[in-house]
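[1] can't give you the sequence, but here's the structure:
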Ligand SMILES: Cc1cc2nc3c(=O)[nH]c(=O)nc-3n(C[C@H](O)[C@H](O)[C@H](O)COP(=O)(O)OP(=O)(O)OC[C@H]3O[C@@H](n4cnc5c(N)ncnc54)[C@H](O)[C@@H]3O)c2cc1C
């Protein structure tokens, strides 16, 4: 085993795995993961949706540019998304219609036809996004890890990076390992600022936000697995069929420090209650729960690029609630920037503005 690499990527979630796979084509790369297996944190805890109309402009451009990879690899299964408006969310409705392209209003009867579990009288108006899909996240993540290994990359799990020093080269301590490289890529998810601080970099103000999820039994309903993902417009609950069960979330976004997240029971109970008010189906038991951390920079866009003061430290954090759907494009872009190459033109043609995602915007 070598101790010297061109590049060390810290974090083997979708961000780290995908960029490492691209970089390993032409560079020697080590991918370090503190947990026993990659994908243990946010990547393994998502709602697995591709929503090309959801997110800030930078993420919309990246998500559109990711579509071809998703299609070619067979990673998507179409699933519509529906937003329903109960009383009291009229302003949210107008805001969503004004802000979000690619969606259209449908009648409440049409909404009920598409989602027969909708309780009569709950929805006053409804919106449909027909361009959304389920992502096979495991398949996607594993495809990048496999490509990384095929290209000679070294993945080290159970290797938490605890010390980073620079003396010409970077020197890292990660569990029992001592490794060095000229470039490090910070793809540490919720720990992005913590890893940056280890390397002596000024944090960007990354804020992890907890989202709780419950898996409940599927209702007795024809074609259950083909139902759309449905949520209220005010984002106080959403649900979708997943592996023969119902995935229900209170859509919480509670600021927390980075940690091994778990669902907040009270938040979850309140969210399930709001979900219950919206559907004509009774949740009799909760089979499983989990929490995950969606991590945001102060302006909501990801932080991607070399540190202003150090061309050996590359930021790849702040993917928020869109890190899976954007990853095929974000990783190609990040790999090009790491190698000081021109950003891929198909991604820029989608309207991405590099200044919107540059770490320089935080001074
Ligand atoms: C409930 C929920 C629903 C979501 N739904 C969607 C969705 O439908 N579509 C979508 O696109 N996105 C969704 N997201 C967001 C998406 O999951 C994230 O944006 C994405 O997984 C972030 O990937 P990542 O690789 O940056 O982070 P992570 O998967 O958290 O990976 C970071 C890795 O870094 C490792 N690490 C941290 N510090 C160190 C260290 N010091 N040394 C070594 N390793 C370290 C961690 O162990 C972790 O494995 C959702 C998130 C949640 C929580």
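    Structure received. Since the model is a prediction, treat every value here as computed from it, not as a measurement. Numbering: from 1, shown residues only.

[2] Show the contacting residues for the closest residue to residue 41 other than its chain neighbours.
    Excluding the flanking residues, the one nearest residue 41 by C-beta to C-beta, 6 or more residues apart in numbering is residue 189, at 5.6 Å. In short, each C-beta sits where N, CA and C put it, glycine included. Residue 189 makes contact with 11, 13, 15, 41, 42, 43, 258, 293, 295, 317, according to C-beta atoms under 8 Å, 6 or more residues apart in numbering.

[3] Look up the closest residue to the third one, ignoring the ones flanking it.
    It refers to residue 15. Among residues not flanking residue 15 along the chain, residue 187 sits closest, at 4.2 Å (C-beta to C-beta, 6+ apart).

[4] wouldn't the one you found be in contact with residue 319 here?
    No: using C-beta atoms under 8 Å, residue 187 is not in contact with residue 319, being 9.4 Å away.

[5] Give me the common contacts of the two.
    residue 15.

[6] circling back: what about the residue nearest to residue 15? Give its phi and psi, please.
    Main-chain dihedrals, residue 187, degrees, to the nearest 10: phi -120, psi 50.

[7] Check what contacts the lowest-mean-pLDDT helix or strand in the chain and list those residues.
    Counting by mean pLDDT, DSSP states H and E, the weakest-scoring helix or strand in the chain turns out to be helix 90-99, with a mean of 93. Residues outside helix 90-99 that contact it (C-beta under 8 Å, 6+ apart): 83, 85, 103, 105, 125, 127, 233, 234, 235.

[8] With adjacent residues omitted, what lies nearest to the third one?
    To tie it back to what came earlier, the one meant is residue 103. residue 129 (4.7 Å).

[9] The stretch 151-300 of the chain against the ligand: which residues are in contact?
    160, 161, 187, 188, 189, 190, 191, 195, 211, 213, 292, 294 (C-beta under 6 Å from any ligand atom).

[10] Show the contacting residues for residue 126.
    Here residue 126 is in contact with 82, 83, 84, 85, 105, 106, 107, 108, 110, 111 (criterion: C-beta under 8 Å, 6+ apart).

[11] So which of these wins on neighbours?
    residue 83 (28 neighbours; other C-beta atoms under 10 Å).

[12] ok, and for the helix or strand encompassing residue 144, which residues are buried?
    Assessed by DSSP states H and E, residue 144 sits inside helix 137-150. Within helix 137-150, the residues that count as buried by 16 or more other C-beta atoms under 10 Å are 137, 140, 141, 143, 144, 145, 147, 148.

[13] quick one: the second one and residue 317, what's the gap?
    I take that to be residue 140. Distance of residue 140 to residue 317, computed by C-beta to C-beta, to the nearest Å: 19 Å.

[14] Also residue 123?
    Look at residue 123 and residue 317: by C-beta to C-beta, they are 37 Å apart.

[15] Who has more neighbours out of these two?
    residue 317 (28 against 24).

[16] I'd guess residue 304 is in a helix, am I close?
    No: assigned with DSSP: H, G, I helix; E, B strand; the rest coil, residue 304 falls outside any helix and is strand.

[17] Quick one: residues contacting it.
    By C-beta under 8 Å, 6+ apart, the contact list for residue 304 reads 315, 316, 330, 333, 334, 337, 357, 358, 359.

[18] just the residues you listed now: which is nearest the ligand?
    Proximity of the contacts of residue 304 to the ligand (C-beta to the nearest ligand atom) peaks at residue 316, which lies at 7.4 Å.

[19] got the buried residues for stretch 85-93?
    Residues 85, 86, 89, 92, 93 are the ones in stretch 85-93 that count as buried (16+ other C-beta under 10 Å).

[20] Start and end of it, how far apart?
    Using C-alpha to C-alpha, to the nearest Å, the gap from the first to the last residue of stretch 85-93 comes to 7 Å.

[21] Low-confidence stretches in this structure?
    Applying pLDDT under 70 to the chain flags residues 1.

[22] any idea how far residue 353 is from the closest residue to the ligand within the stretch 101-250 of the chain?
    Closest to the ligand within the stretch 101-250 of the chain is residue 189: 2.8 Å, counting by C-beta to the nearest ligand atom. From residue 189 across to residue 353, the span is 24 Å (C-beta to C-beta).

[23] Kindly report the same for residue 275.
    Using C-beta to C-beta, residue 275 is found at 37 Å from residue 353.

[24] outside of stretch 146-158, which residues touch it?
    1-2, 5, 12, 17, 20-21, 24-25, 28-38, 145, 174-175, 177.

[25] Narrow those residues to those that are buried.
    Using 16+ other C-beta under 10 Å as the burial test, the contacts of stretch 146-158 include 5, 12, 17, 20-21, 24, 28-35, 38, 145, 174, 177 as buried.

[26] Which of these fall within strands?
    Those of the buried ones among the contacts of stretch 146-158 mapping onto strands are 5, 29, 30, 31, 32, 174, 177, per DSSP state E.

[27] Give the bridge partners for the second one, please.
    Beta bridges link residue 29 to residue 7, judged by DSSP bridges.

[28] okay, how far is it across stretch 41-52, tip to tip?
    Stretch 41-52 stretches 23 Å from its first residue to its last (C-alpha to C-alpha).

[29] nope, stretch 341-361 is what I meant
    OK, stretch 341-361 end separation, C-alpha to C-alpha: 21 Å.

[30] Mind listing what's buried along that stretch?
    Per 16+ other C-beta under 10 Å, stretch 341-361 contains these buried residues: 347, 350, 352, 356, 357, 358, 359, 361.
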